[in-house]
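Student: sequence plus predicted model, see below.
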Amino acid sequence: MAGAQVVVGLDIGTTKVCTLIGEVKGDLVQVVGVGVSPSRGIRKGIVVDMEDAAAAIAASLKKAETFSGYKIVGAYVAVSGAHIECEPVHGRLALSRERALSKQDLADVLSAARPEDVPEGRRVLHVLPKGYVVDGEDGINNPVGMLASTLEVEGLTVSAGSAPLLNVARCVERAGIQIDAFVSAGVASAYATLTETEKQLGVLLIDVGGGTTDIAWIREDAVQYVGAVPFGGNHVTNDLSMVLGVPFAAAEELKMRYTSALPGSVPGEETVDAGSFSDGDVRQVPRRLMAEVAEARLSELLSLAGEELKIGGFDSVLPAGVVLTGGAAQLRGMRELVQDIFKVPARIGQPEGLGGPVDSVVSPVYSTGVGLLKWVLAQPGDLASGRSARRNAGLGGRLKGVIKTFLP
């Protein structure tokens, strides 16, 4: 794509590390590189073995480089885990004279809203706009082009624990690249999977990964709440492993091939040869038992997500329902279980609106990685045109993630 700029998204999960390289031109992101490797050294969004985690990241980066012909020097990195928190904030920008507002003004007022006194042990990831006030008139979603002398914003800060971020940063740097910015995984997945209508009406995004579940509540085209719970699809696998007496890898295969989240949909007499998935004795196990195990753990996970939402003032109104994504979204009966618990319609969300070799990433598994690319494109400051490249930090540091070289 001639004249395109390039951005890299790095999703470091519990089960996989995914690197995506995207060329950005105008309002289009074209995926030109994909690298996926098994994750090691990460649990529930937290680094537990720095050496293993760095090696897994490096393997993913190398695959994306080989795929694309780019040499990666930096990336936007997704952050997940129970240490994610959010708080409402307010910012005000007084202009030197009345004039038309620009995208850069939006970026500046968001910077003004960033809290100066961040609690010890915390780091602000984002200040997300919930609505703008132009010369005292509120309820404005996009003030670009409006004449104004003052601009205010009601926003939401998303923060994370400093120590978990520092450990991830060290792993990424050991893998040989820099971090351009951290991005909340829930926010990223929302950018990849939600429609404009859903975001306007009111929708809940639930991204069930291997070790964590990220949530984002969006209404009136603004993020109202972001959070995470420390449970994911691997907890279902672990439960199946213990109940069935098979290794974890065998339980994962049984989960994805035969397990449903709805016991009532499974005939009581159906069995699966669990022994054929491991080195143990050949034996039959009831599919309904597997479904009961999965339903119990997933119901607990979704209920915790609902409780987390109440902390953010969730009013139980979701006109557009729930969008479910992440690896565990592919489990049989998962959509129906979500509908039963939240009492609203639900659908499975996967990345949309991409160019390039998209077949390999159009799956709920890649929602966070794709969302990182689309998040960068959506930030204030005319990023796609390259004008923001003149700024050295913050918003201006975007789109400098890679330099193109032909690999040997």
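Tutor: Received the coordinates, thanks. Residues are numbered from 1 along each chain as shown.
Student: three-state assignment of the closest residue to Asp138 other than its chain neighbours?
Tutor: Leaving aside its chain neighbours, Asp138 sits nearest to Gly131 (6.5 Å; criterion: Cβ to Cβ, 6 or more residues apart in numbering). Quick note: C-beta positions are derived from backbone N, CA and C, even for glycine. At Gly131, secondary structure determined by DSSP: H, G, I helix; E, B strand; the rest coil is strand.
Student: ok, Gly131 - contacts?
Tutor: The contact partners of Gly131, by Cβ atoms under 8 Å, 6 or more residues apart in numbering, come to Asp138, Gly139, Ile140, Asn141, Val153, Glu154, Glu220, Ala222.
Student: hmm, which of the residues you listed are the buried ones?
Tutor: Buried members of the contacts of Gly131, counted by 16 or more other Cβ atoms under 10 Å: Ile140, Val153, Glu154, Ala222.
Student: which element is the second one on?
Tutor: The one in question is Val153. Using DSSP states H and E, the element containing Val153 is strand 147-161.
Student: quick one: average confidence on the longest helix along the chain?
Tutor: In the chain, assigned by DSSP state H, the helix with the most residues is helix 287-311. Per-residue pLDDT over helix 287-311 has a mean of 93.
Student: buried stuff in it?
Tutor: Of all the residues in helix 287-311, those buried under the rule 16+ other Cβ under 10 Å are 287-295, 297-298, 301-302, 304-306, 308-309.
Student: same check on stretch 162-178?
Tutor: So for stretch 162-178, counting by 16+ other Cβ under 10 Å, buried means Pro164, Leu165, Asn167, Val168, Cys171, Val172, Ala175, Ile177.
Student: what is the rounded mean pLDDT of that stretch?
Tutor: Stretch 162-178 comes out at a mean pLDDT of 96.
Student: check stretch 33-40 too.
Tutor: Rounded mean pLDDT across stretch 33-40 is 94.
Student: and it, what's buried?
Tutor: Buried-residue list, stretch 33-40, by 16+ other Cβ under 10 Å: Gly33, Val34, Gly35, Val36, Ser37, Ser39, Arg40.
Student: ok, back up a step: of the contacts of Gly131, closest to Ala55?
Tutor: Set against Ala55, the nearest of the contacts of Gly131 by Cβ to Cβ is Ala222 (39.2 Å).
Student: who's in contact with the very next helix or strand once past the strand holding Val153?
Tutor: Going down the chain from strand 147-161, the next helix or strand is helix 162-174, by DSSP H and E. Contact with helix 162-174 is made by 10, 12, 41, 45-47, 50-51, 53-54, 57-58, 75, 77, 79, 81, 83, 121-123, 178-179, 182, as judged by Cβ under 8 Å, 6+ apart.
Student: try it again at 6 Å.
Tutor: Ile46, Val47, Met50, Ala53, Ala54, Ile57, His83, Gly121, Arg123, Ile179 (Cβ atoms under 6 Å, 6 or more residues apart in numbering).
Student: what is the nearest of those residues to Asp108?
Tutor: Arg123 (21.0 Å).
Student: dig out what the closest one forms beta bridges with.
Tutor: For Arg123, the beta-bridge partners are Ala160 (DSSP bridges).
Student: cool, the one 10 residues further on as well?
Tutor: On the basis of DSSP bridges, Val133 takes part in beta bridges with Glu152.
Student: thought it was touching Glu152?
Tutor: Yes. Because the distance of 3.9 Å satisfies Cβ atoms under 6 Å, Val133 is recorded as touching Glu152.
Student: separation between Arg92 and Asp135?
Tutor: Distance, Arg92 to Asp135, using Cβ to Cβ, to the nearest Å: 12 Å.
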